[in-house]
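> any chance you could fold what I've pasted below:
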Amino acid sequence: MKHISILVILAVAMMITACEKPAPVVEEVADSLAVVVDSALVQVDSTMVQVDSALVQVDSALVQADSLVEAVVDSAAAVVEETVAPVAAETPANR
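A predicted model of the protein is given here:
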């Protein structure tokens with residue numbers, strides 16, 4: 001975003017300068033401004049691709065975390081069952 005801000009400031013400065021010059025110079029500045037805007041759009045597109053990639057990685061990490069949590073819960077439930085079942089099966093006479 002910092003680069004885009006700099007490009008916008010540069011574009012405004014170029015337009016101000018162009019207003020003080022003859023018509024051919026204004027056309028050159030407008031062409032240069034178009035190049036600057038195109039460059040900014042390319043940077044935005046590149047940033048969006050990076051954001052999309054990061055979101056895919058986050059989604060993948062969340063799926064892995066969900067699987068790990070499910071495995072931990074299943075393991076904990078099995079341990080609790082193994083621990084509680086023998087105690088529950090005991091009768092007062094066996095104790």
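> max-length helix in this structure?
Longest helix in the chain, counting residues (DSSP state H): helix 23-89.
> packing partners for that helix?
Using 3 or more CB pairs under 8 Å, 6 or more residues apart in numbering; DSSP states H and E, the elements in contact with helix 23-89 are helix 2-19. Quick note: C-beta positions are derived from backbone N, CA and C, even for glycine.
> could you give the mean pLDDT of the longest helix of the chain?
For helix 23-89, mean pLDDT rounds to 88.
> also compute the angle for it relative to helix 2-19, please.
160 degrees (axes from the mean of the first three to the mean of the last three CA atoms, to 10 degrees).
> now do helix 23-89: distance to the chain's middle.
In terms of CA atoms, centre = their mean, to the nearest Å, the centre of helix 23-89 is found 5 Å from the chain centre.
> got it, and stretch 5-23?
For stretch 5-23, the distance to the chain centre is 33 Å (CA atoms, centre = their mean).
> contacts for that stretch, please.
25-26, 29-30, 32-33, 36-37, 39-40 (CB atoms under 8 Å, 6 or more residues apart in numbering).
> which of the residues you listed count as buried?
For those, a burial check counting by 16 or more other CB atoms under 10 Å picks out 29, 33, 36, 40.
> from these, pick the one nearest V72.
Relative to V72, the closest of those is A40; by CB to CB it sits at 47.0 Å.
> let me see the contact set for that closest one.
A40 touches 3-4, 7-8, counting by CB under 8 Å, 6+ apart.
> now render these as TSV, adding distance to S60 and pLDDT.
Converted to TSV, the contacts of A40 look like this (distance: CB to CB, whole Å; pLDDT from 0 to 100):
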residue	distance to S60	pLDDT
H3	29	70
I4	29	72
L7	33	74
V8	35	75
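> which one (most neighbours) among those residues?
Ranked by neighbour count (other CB atoms under 10 Å), those have L7 at the top, with 17 neighbours.
> what pLDDT does K2 get?
K2 is given a pLDDT of 69.
> please apply the same query to the one 3 residues further on.
The model reports S5 with a pLDDT of 76.
> same check on I16?
Value for I16, per-residue pLDDT: 73.
> that one: neighbour count?
10.
> do the same with A54
Residues lying near A54 (other CB under 10 Å) number 10.
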